[in-house]
Structures are given as C-alpha cells and as structure tokens.
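Chemist: requesting a structural model of the entry that follows:
(one chain, ligands or ions: 1)
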Amino acid sequence: MNFEFTEDQIQIRDMAREFAQNEIAPTAAQYDEKAEFPWPIIKKMAELNFLGMMIPEQYGGMDFDATTVTLVIEEISKADAACGVILAVQNSLGVSALVKHGSEELKKKYLPQLASGEKLCAFGLTEAGAGSDFSAMTTTAEDKGDHWLLNGRKTFITNGSTAEIFTIIAMTDKNKGARGMSAFVVEKSYPGFSVGTIEKKLGIRASDTTELILDNVKVPKENLIGKKGHGFIYAMQSLDTGRIGVGAQSLGIAQAAYEKALAYSKTRVQWGSPITKLQAIQFKFADMATRIEATKWLVYHAAYLRDNDKPFVKEASMAKVFSSEMATYVTHQAMQIMGGYGYMKEYDVERYYRDARITEIYEGTSEIQRHVIASLVIK
Ligand SMILES: Cc1cc2nc3c(=O)[nH]c(=O)nc-3n(C[C@H](O)[C@H](O)[C@H](O)COP(=O)(O)OP(=O)(O)OC[C@H]3O[C@@H](n4cnc5c(N)ncnc54)[C@H](O)[C@@H]3O)c2cc1C
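Modeler: Residues are numbered from 1 along each chain as shown. Model prediction:
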C-alpha cells in the first residue's frame, strides 16, 4: 500500500492552496452576499489551467488524474465552495460524456474552448418532475433527418446562465425509459435555447443554478454524444466521477470550518481560560478531526480506484454520502464551538454551514447513495 501523493500531485495541490487562500478566500463572503458569479476568479483559474483539468492534452487540457483534480477542488472549496462547484461541473459533469464518448469531430470542436476556459460548460439532466428518478424526464430529442429537435425544460442546472456549452440528456425514445435517453452537445447560441428562472439559494450562492428552456432547438446531427440510447449510462458515469468531486467539496468546506473554529477557540476566553481548555470543546475537535480524516481516505481512495481503472462506483457513493454528512456535522459543530459569533455573517462559519448542506442533495441525494451502496453490498 502506498499512502503518498506523487510529487506532481503535491505541487499542484500546493499551487491550488496558495491561489485559493490568496485570491479566493478574501472575497468569498462578498460574492456570497451579493449572489454574484465570481468571473474575475474564474478567469484567473483559467490562467492556471484549472478549467480543463481532465481534458486530454491533445485538446488543450491538462489530462490530470482524478486524484489531482480532487485535491484541487478540495483546496478551492476550502476558500469558497461556490467556486468549488463551478470548477467541479466544468471539469467533470459538464464535460465527462464528451471526453469519454464524443466523436473526434465533436471533441476537436468543443474541448479546446473549454480547456482554455474561454467557455464554461454545464450538465442538464434534472427536470421539475424528474430528480432522483430521472427516467421520468420529458425533454425530447426528435430525429428530424438532418438535425435533432430538442424540446423541454431542465431544472437546477449549475453554471446554467454562465455556460455556453451544455451536455443535455433527452429522450430519443420515450417507450424505452432509461434506455431511450441520449446525450447531446447543445450550444447556448442555438435559436430556441434560453435560460429560465435563476434560483435564489441557501448556500453556494455565488454559483448560478438555473432553469434551461429548450423550445424547438435544432441541434446538428453530429452533436449526438456517443451512441443513441446510451444517455442514461453516460449520465451515470458522469455522476460516478462527480460524486468524488462532491467528496472533495465537502472536505474543503469541513476543513475550513474546523480551522476557523480552532483558531477562534484558542482566543475565546470564558471562565478565565481559552475555551480549548474545556473538555466538552476538546471532544468536539476530536470528533471533527476523526471524521475529516476518515473522509479523506474514502475520497482519495475512490479517486485512486478511478485512476487505476478499478471499479469505483460503490466507493464513490460511499465517499459522497459520508463526506457530505461529515461536512454538515463539522460545520454544525464549528458553529456551536463559536457560539453566537459563529451564527453571525461576519464570521465565515455561517457561510460554511449553509454551503455544506447542498452536498447531501446534488449529484444524488444521501438516500440515493445508500440505494447504490446497498445494491452493491447486498448480494
Ligand atoms: C444547487 C443545486 C445544483 C444542482 N446542479 C445540477 C446540475 O448541474 N445538473 C443537473 O442535472 N441537476 C442538478 N441539480 C439537481 C439535483 O441533482 C437534484 O436536486 C437531486 O438529484 C434531487 O432531485 P430532486 O431535487 O428532484 O429531489 P427528489 O428526487 O424529489 O427527492 C426528494 C426526497 O425524496 C428522496 N427520494 C427520492 N427517491 C428516493 C428513493 N428511491 N428512495 C429513498 N428516498 C428517495 C430524496 O432523497 C429526497 O430526500 C442541482 C440541484 C441543486 C439544489
């Protein structure tokens, strides 16, 4: 067993850490307060080549392994979870199917624009009536001979108003359920494509979450990703990798909360001593540190398995459910340690507490993760 990261992984993680702490953390609360998309930061991330981390080098990307990407998302999320999810969607959900299954022509056309950060991408699967059960989707893609005609609405799409290139999952054969879904590259510029409601959210407020409207959108024939009828499989594969990314986001948020609470508790004097002298507070740190450590192994191990072409679906779901519930727990405890000050907006722990909550919901709720895990451990 080797528990060490490679020199390259450490170097990139350290670069991400320095950038995140110097360039993202100082303004994260302001972007959150205004619910403003952090374009200047995204542009800087593009300069650092963080927007095409899993795109092969021949298309201008960095071709990093999943472990490296995990470390980068963790560091960015530690400074701002909204930036973490924007980055995770750009590097994983939004582009995975295209990288893995797209034709050479599609990859040459779209991947360089994403790798350079010139354009952002997004992933449109969820609909108002099709969340956990996305086989209930009603968005259709009709074969019109020389093009596909897409109609429907997608809900809660990350990067929805800021992306220009979308992976959209739509029904090409309604009678076949999950086997009747296909994946398409859809450009924002196509007539009939528009952004609907921009959601107001509890956390990750600087990241945009929107509705997408597809009203008789003509999509070129060649924009079908991979094979017709394989959209469900491609979506599941994208989510499997994405769940490791949610693990990284959770780890970042939790560590940020832990560190803030620790620094605070060393200086907060009650009963004549810093509150770190109180055993009740010490035990909270012991529990928080233990859960953070356990999460690291689950998340890094899932990434390691993916990097080594070993089965990782179960481990990705385990990492996702454990890490997200850990982040909710740790941010809750961090706020408790900081008492009334932790509850105030002035202190970042209030934001971490709000940001942690989404990790239990998107890319498959905790209940869905338990379904996946149960199906793989009960034989
Ligand atoms: C901020 C945000 C960003 C998002 N980004 C994207 C994105 O970029 N692209 C995208 O396609 N989607 C995105 N989503 C959608 C997200 O993945 C879904 O919200 C999520 O999968 C849950 O679906 P739902 O909200 O419809 O809840 P529902 O499926 O209606 O679930 C409601 C409740 O029922 C439970 N439940 C459902 N089915 C079962 C079951 N079989 N067994 C036990 N319990 C069950 C759920 O766990 C949950 O507790 C985003 C959502 C949010 C909030």
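
Chemist: mind checking the longest helix of this protein?
Modeler: The single longest helix within the chain, with elements called by DSSP state H, is helix 231-267.

Chemist: give me the buried positions along that one.
Modeler: Buried residues in helix 231-267, counting neighbours by 16 or more other CB atoms under 10 Å, are found at 231-235, 237-258, 260-262, 264-265. No exception for glycine: its C-beta is placed from N, CA and C like everyone else's.

Chemist: these also near the ligand: which ones?
Modeler: Counting by CB under 6 Å from any ligand atom, the subset of these that neighbours the ligand is empty.

Chemist: now do residue 132 against residue 4, distance only.
Modeler: Separation of residue 132 from residue 4 (CB to CB, to the nearest Å) stands at 38 Å.

Chemist: which one's more surrounded, these two?
Modeler: When neighbours are counted by other CB atoms under 10 Å, residue 132 comes out ahead of the other of residue 132 and residue 4, with 11 against 7.

Chemist: which helix or strand contains the residue lying closest to the more buried one once chain neighbours are set aside?
Modeler: Excluding the flanking residues, the one nearest residue 132 by CB to CB, 6 or more residues apart in numbering is residue 368, at 5.2 Å. Taking DSSP states H and E as the criterion, residue 368 maps to helix 366-377.

Chemist: around the ligand, pick out the residues from the stretch 101-250 of the chain.
Modeler: If contacts are counted using CB under 6 Å from any ligand atom, the residues of the stretch 101-250 of the chain sitting beside the ligand are 122-126, 131-132, 156-158, 201, 209.

Chemist: now do 5 Å
Modeler: Applying the criterion CB under 5 Å from any ligand atom, the portion of the stretch 101-250 of the chain that neighbours the ligand consists of 123, 125-126, 131-132, 156-158, 209.

Chemist: from these, pick the one nearest the ligand.
Modeler: The shortest gap between the ligand and any of these belongs to residue 131, at 1.7 Å (CB to the nearest ligand atom).

Chemist: now the helix holding residue 368 - C-alpha only, CSV.
Modeler: Once side chains and other backbone atoms are set aside, the C-alpha atoms of helix 366-377 remain, and they are given as CSV (Å, rounded to 0.1, in the frame of the first residue of the first chain):
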residue,chain,number,x,y,z
SER,A,366,-27.9,10.7,0.5
GLU,A,367,-30.8,8.4,0.2
ILE,A,368,-29.9,7.6,-3.4
GLN,A,369,-26.3,7.0,-2.5
ARG,A,370,-27.5,4.5,0.1
HIS,A,371,-29.5,2.8,-2.6
VAL,A,372,-26.4,2.5,-4.8
ILE,A,373,-24.3,1.2,-2.0
ALA,A,374,-26.9,-1.3,-0.8
SER,A,375,-27.3,-2.6,-4.3
LEU,A,376,-23.6,-3.3,-4.4
VAL,A,377,-23.0,-4.7,-0.9
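
Chemist: what pLDDT, on average, does it get?
Modeler: Confidence over helix 366-377, taken as the mean pLDDT, stands at 98.

Chemist: one more: stretch 209-218?
Modeler: On average, the pLDDT along stretch 209-218 is 98.

Chemist: what's the answer for stretch 164-178, then?
Modeler: Averaged over stretch 164-178, pLDDT sits at 95.

Chemist: got it, and stretch 257-267?
Modeler: Per-residue pLDDT over stretch 257-267 has a mean of 98.

Chemist: need the strands for this structure, in chain order.
Modeler: 121-124, 140-143, 147-158, 165-171, 181-187, 193-198, 209-220, 224-225, 269-270, 273-274 (DSSP state E).

Chemist: what domains does the record give for the protein?
Modeler: The chain breaks down into these domains under automatic domain parsing: 7-115, 121-229, 233-377.

Chemist: ok now the first one, how far from the chain's centre?
Modeler: A distance of 10 Å separates the C-alpha centroid of domain 7-115 from that of its chain, computed with CA atoms, centre = their mean, to the nearest Å.
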